[in-house]
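Undergrad: coords below, sequence missing:
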């Protein structure tokens, strides 16, 4: 993993200025189709699919942050005829989601492909060597009340979906997202300490297999009830595989 040098935050600041998601009609349509809105996704970005537009954006990023920071960010290609341009792994139109440290610094950018995948192009991708150091949503936890339950879910879109569902149902809970069911860092436990905790992993085979271990982790730091038992519950989406499935199903019903 590359050392934190501010390059990702520098690139993120330029993307926030040049390509906020609110300026991209297709990207906003994608969010609406998934039941999300501007408030829930404020601060996200949108990468165009057109190569000319992408090259122009890359040139502006480099002009503002410098070639060294651009290369260090993990977003640029390091081999072949595309050296210095966007990494091929980031091909295609993408919703770009900033993952922040608890202090609000952007430390990772996650690109979610809109459209069909092709060879060497994954649906979800982080910059080379720049996977998240903290769960998605960590920067907002200080705004939660002392009694607010904290859920662990999979992926930023599920975290936003969980929060929207919790708000709709009047539940005092917020979600923190890990980048995958197998991803865990022991230092993240401090984010759940002395709070009611929720295990909200996907309703699939991998999620089922990980529930017990995740519950044990959270139980080691969670708030305890009057009988000294850790307050840790397991909640799974009632519709579909994940919380975004549950949110979009609700939107359809509504």
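TA: Thanks, I have the structure now. What you are looking at is a predicted structure, and each value in this text was computed from that prediction instead of being measured. Numbers count the residues shown, from 1 in each chain.
Undergrad: And the strands in the chain, which stretches?
TA: 45-47, 94-100, 106-113, 124-125, 149-154, 173-178, 197-199, 232-234 (DSSP state E).
Undergrad: out of those, which comes closest to residue 131?
TA: Each of the strands of the chain has some distance to residue 131 by CB to CB; the shortest is strand 106-113, at 6.1 Å. Just so you know, the C-beta spots here come from the backbone N, C-alpha and C atoms, and that holds for glycine as well.
Undergrad: quick one: strands adjacent to the closest one?
TA: Note on strand 106-113: by DSSP bridges, its sheet partners are strand 94-100 (antiparallel), strand 124-125 (antiparallel).
Undergrad: Could you look over those and pick the most buried one?
TA: Among those, ranked by average contacts under mean count of other CB atoms under 10 Å, first place goes to strand 94-100 (a mean of 23).
Undergrad: which other residues reach that one?
TA: The contact list for strand 94-100, computed with CB atoms under 8 Å, 6 or more residues apart in numbering, reads 12, 15, 19, 21, 27, 30-31, 43-47, 106-114, 132, 134, 136, 138-139, 156-157, 179.
Undergrad: ditto for stretch 195-212
TA: Residues contacting stretch 195-212 (CB under 8 Å, 6+ apart): 146-154, 158, 162, 173, 175, 181-182, 214-215, 218-219, 221-223, 230-237, 240-243.
Undergrad: Between its first and last residues, what's the separation in it?
TA: Start-to-end span of stretch 195-212 (CA to CA, to the nearest Å) is 19 Å.
Undergrad: Report the rounded mean pLDDT for that stretch.
TA: Averaged across stretch 195-212, the pLDDT comes to 95.
Undergrad: Please apply the same query to stretch 130-141.
TA: Across stretch 130-141, the average pLDDT comes to 94.
Undergrad: try stretch 60-74
TA: Mean predicted confidence for stretch 60-74 is 95.
Undergrad: buried ones in that stretch?
TA: 61, 62, 65, 69, 70, 71, 72, 73, 74 (16 or more other CB atoms under 10 Å).
Undergrad: low pLDDT regions in the stretch 51-200 of the chain?
TA: Low-confidence segments of the stretch 51-200 of the chain, defined by pLDDT under 70, are absent.
Undergrad: Please enumerate the helices of it.
TA: Ranges of helices within the stretch 51-200 of the chain are 51-65, 67-72, 156-168, based on DSSP state H, counting those that start in this stretch.
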